[in-house]
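**Student:** I need the structure of the sequence given here:
(chains A and B)
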Amino acid sequence: MGYPHPRHPRETPVLSEHFGDPAARTLAGWKARGGYQALEQALAMDPVAVQNVVKDSGLRGRGGAGFPAGIKWSFMKPDGKPHYLCCNGDESEPGTFKDREIMRWTPHALVEGVATAMHAIYAETGYIYIRGEFTEPLEAVTAAVREAYAAGILGANAMGTGRRLDIHVHKGAGAYICGEETALMNSLEGKRGNPRIKPPFPAVAGLFGKPTTINNVETLTAAAHVVRRGAEWYKAMGRPDNPKSTGTKLFSVCGNVARPGNYEVTLGFPFKDFLWELCGGAPDGRRIKAVIPGGSSVPILTAEECEAVFMDYEGMAAAGTLLGSGGVIVFDDTADMPRQIARLARFYAHESCAQCSQCREGTAWTTRILERICRGEGSFEDLDTLLEIGEQMSGKTICVLSDSCATPVASGLRKFRHEFEAKIGKKQGKAFVPSAYPTGLTPAAAGSAP
Amino acid sequence: MTYGPSAGAKLATTPAHGHDDAPYQPVFTGAARDELETLCARYPSRQAALLPALWMIQEARGWVSDGAVEEVAQVLGVSAAHVRGVLTFYTMYHQHPVGKHFIQVCTTTPCNLCGAEDVVNAFLRHTGCGELGVTSDDGRFTVIEVECLGACGFATPVMINSRFLESVTPDAVPDVLEECD
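**Tutor:** Numbering: from 1, shown residues only, chains lettered A, B, ... in the order given. Model prediction:
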């Protein structure tokens, strides 16, 4: 199938094979498509053997950090303590909407992945944390869990093996920061979603202070495929000269693009072909100006820079950016870069949990300065101040939200400085009048700012 | 971004939302209490059921009042200050009554590039709200801008209560509102 557009012949559908097919949502439908064979296979294996298959496959975390999934699982030892698995379905990185499609079209694929991982890490309880705004995925995954219990796939005697596997769905309530792993754990414990200082790492003291593994929705879903089809099959997908990035990856494409949506390609796919051939380039014959390739937190690329990039962890790093969560945001030649970067900064200012001063103050000041530049009230000094603030915001806080705000601002300012300067123009030297924060970008919003 | 109403703006204060001077009526009685206890059994601590408990309150009453904060604190065995701290952290909980149809329009960068602000303005115009965060005179609508709804390829996504709409354009707004009873 393919959703929302028909599948492109150059895609490699593994996770997205049944997107758009409502019949795949039910247990019967999922089993008819080969579902729960991976879990059955995994439950017959020793947990260490499951860890090793995933380790050998080279599967890396698809939430953004790219940590090898099998190695993460191998941190969990049978120590007699309760272990927990957390599935991160808080997908809230602007530009990313792949987990949403996995959860709403193939919820059983996720349940199977979660259960498989639980076996591998000696856990009896798993929590699937889904952001509160995802009403349809929440419904689909909750229904899938219920069906799996009724069929004896989950519960005290999972698939008749005598192994206990309990999975619960936990609904978030609106907070970007809860996609950060330790913030998600705090949120699950009924606290404010403030990230924790590491160490201790989750594998030592995570959810409820117990050894915990936390994986992204896409990672867990892919892991079940790896168990069923083997490490060699998975490893064979990717650039032959780059064994560090293997398998397929879902990329979400949005913004000024002809065919937005999710595309699944093997890692190492040429970014140029991806943008222009699969996604159709900018709409209405316009030109692509810039692309944020891995969710809003990574450095911006110019259209020219996109041409020689490979879509894998190393390829993106070589181009000075990151693969991140695979959220591709396209800006065409009509996009007002300073205004859009200001909007992005406002997102981070709104979502800062406010624990660390650098982040709480830095995101707010960055937004205020950018918005004043967009109003034509900025000065050339402001551009240097933005970079200076950005430096103070990077690598100094508990989590990386602060860095995530500074990164697109700094790269946007470096690559599109002329657009910022054009907005300053003759206004330079005008006295700075502090404005109430937050100021809206719409005329109506500006009037309602508290 | 959830903007609060500006100073002097009217808030809906209809008894239907429970915002009156009548004594607080508990939510967690009978079947609702049983449901909460079932939820609590999923976690090793009662506090972990706090987000679900606040969701139950909001579903029953439309918002989370001071009385509800006290009730949740008491049934879960945590302090009211802790509950209030959590309540104010998460943007989806309402700390004051809102319109019957709570409309959230995503305007973060990807949607913004596709004209999300025109969608916001169409909602403000057609609902009669006029201003973000303010409830319409008839108590039916409240419109806010929301940060990334996680459906960027379907710009502009809009949430009306728990209904999630994709690819909403300014022209579609009157029809969308028609479907709100």
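**Student:** pLDDT below threshold where in chain B?
**Tutor:** Where chain B drops to pLDDT under 70, the residues are B:1-21.
**Student:** how about the strands in the stretch 1-150 of chain A?
**Tutor:** Under the criterion DSSP state E, counting those that start in this stretch, the stretch 1-150 of chain A contains strands at A:84-89, A:125-130.
**Student:** ah, wrong one, I meant chain B
**Tutor:** Taking DSSP state E as the test, the strands found in chain B are B:101-106, B:141-146, B:158-160, B:163-165.
**Student:** what helices or strands is the first one leaning on?
**Tutor:** Packing contacts for strand B:101-106, counted by 3 or more Cβ pairs under 8 Å, 6 or more residues apart in numbering or on different chains; DSSP states H and E, involve helix B:116-127, strand B:141-146, strand B:158-160. (Each C-beta comes from the backbone N, C-alpha and C, glycine too.)
**Student:** The longest one to strand B:101-106, inter-axis angle?
**Tutor:** Between the axes of helix B:116-127 and strand B:101-106, defined by axes from the mean of the first three to the mean of the last three Cα atoms, to 10 degrees, the angle is 160 degrees.
**Student:** Check whether helix B:116-127 comes near chain A.
**Tutor:** Yes - interface with chain A: helix B:116-127 contributes B:E117, B:V120, B:N121, B:L124 (Cβ under 8 Å from any Cβ of the partner chain).
**Student:** out of those residues, who's nearest A:G315?
**Tutor:** Set against A:G315, the nearest of the residues of helix B:116-127 next to chain A by Cβ to Cβ is B:E117 (34.7 Å).
**Student:** rewinding a little: so which of the strands of chain B is the most packed in?
**Tutor:** Between the strands of chain B, strand B:141-146 has the highest mean count of neighbours, a mean of 26, where neighbours are mean count of other Cβ atoms under 10 Å in any protein chain shown.
**Student:** for chain A, longest strand please?
**Tutor:** Criterion DSSP E: the longest strand present in chain A is strand A:248-255.
**Student:** C-alpha coordinates for that one, CSV please?
**Tutor:** Once non-C-alpha atoms are left out, strand A:248-255 reads as follows in CSV (Å, rounded to 0.1, in the frame of the first residue of the first chain):
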residue,chain,number,x,y,z
THR,A,248,15.5,0.7,6.5
LYS,A,249,14.4,4.0,8.0
LEU,A,250,11.1,5.9,7.8
PHE,A,251,11.5,9.5,6.8
SER,A,252,8.7,12.0,7.3
VAL,A,253,8.6,14.8,4.8
CYS,A,254,6.8,18.0,5.3
GLY,A,255,6.8,21.7,4.7
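**Student:** how far does the helix or strand that that strand is followed by sit from the chain's center?
**Tutor:** Remark: after strand A:248-255, the chain's next helix or strand is strand A:261-266, criterion DSSP states H and E. Once both centres are worked out by Cα atoms, centre = their mean, to the nearest Å, strand A:261-266 turns out to sit 14 Å from its chain's centre.
**Student:** partner strands of strand A:261-266, parallel or antiparallel?
**Tutor:** Sheet pairing for strand A:261-266, assigned by DSSP bridges, gives strand A:248-255 (antiparallel).
**Student:** I'd like to know the average pLDDT value across the partner strand.
**Tutor:** For strand A:248-255, the mean per-residue pLDDT is 97.
**Student:** Where does A:D384 sit: helix, strand or coil?
**Tutor:** Per DSSP: H, G, I helix; E, B strand; the rest coil, the local secondary structure of A:D384 is helix.
**Student:** Quickly note the distance from it to A:L413.
**Tutor:** Separation of A:D384 from A:L413 (Cβ to Cβ, to the nearest Å): 10 Å.
**Student:** And the two? Which one has more around it.
**Tutor:** The neighbour comparison of A:D384 against A:L413 (other Cβ atoms under 10 Å in any protein chain shown) goes to A:L413, with 21 against 11.
**Student:** Report how many residues lie close to B:H94.
**Tutor:** Neighbour number of B:H94 under other Cβ under 10 Å is 18.
**Student:** next one: phi and psi at it?
**Tutor:** For B:H94, the backbone dihedrals are phi -90, psi 130 (criterion: degrees, to the nearest 10).
**Student:** one step back: right, and the helices and strands packed on strand B:101-106 - which one's nearest A:F134?
**Tutor:** Closest of these to A:F134 is strand B:158-160, at 10.1 Å (criterion: Cβ to Cβ).
**Student:** so, in contact with chain A or not, that closest one?
**Tutor:** Yes - using Cβ under 8 Å from any Cβ, we find that strand B:158-160 touches chain A at B:M159.
**Student:** who does that strand pair up with?
**Tutor:** strand B:101-106 (antiparallel), strand B:163-165 (antiparallel).
**Student:** so which of those strands gets nearest A:E147?
**Tutor:** Comparing the strands paired with strand B:158-160 under Cβ to Cβ, the one sitting nearest is strand B:163-165, at 22.2 Å.
**Student:** What strand or helix carries A:V169?
**Tutor:** Applying DSSP H and E as the criterion places A:V169 in strand A:166-171.
**Student:** quick check: angle from that strand to strand A:125-130?
**Tutor:** Using the same axes, to 10 degrees: strand A:166-171 against strand A:125-130 is 20 degrees.
**Student:** so what secondary structure elements neighbour strand A:166-171?
**Tutor:** helix A:107-120, strand A:125-130, helix A:135-150, helix B:50-61.
**Student:** one more time with 6 Å, if that's ok
**Tutor:** Of the remaining helices and strands, those touching strand A:166-171 by 3 or more Cβ pairs under 6 Å, 6 or more residues apart in numbering or on different chains; DSSP states H and E are strand A:125-130, helix A:135-150.
**Student:** Which positions in it come out as buried?
**Tutor:** A:D166, A:I167, A:H168, A:V169, A:H170, A:K171 (16 or more other Cβ atoms under 10 Å in any protein chain shown).
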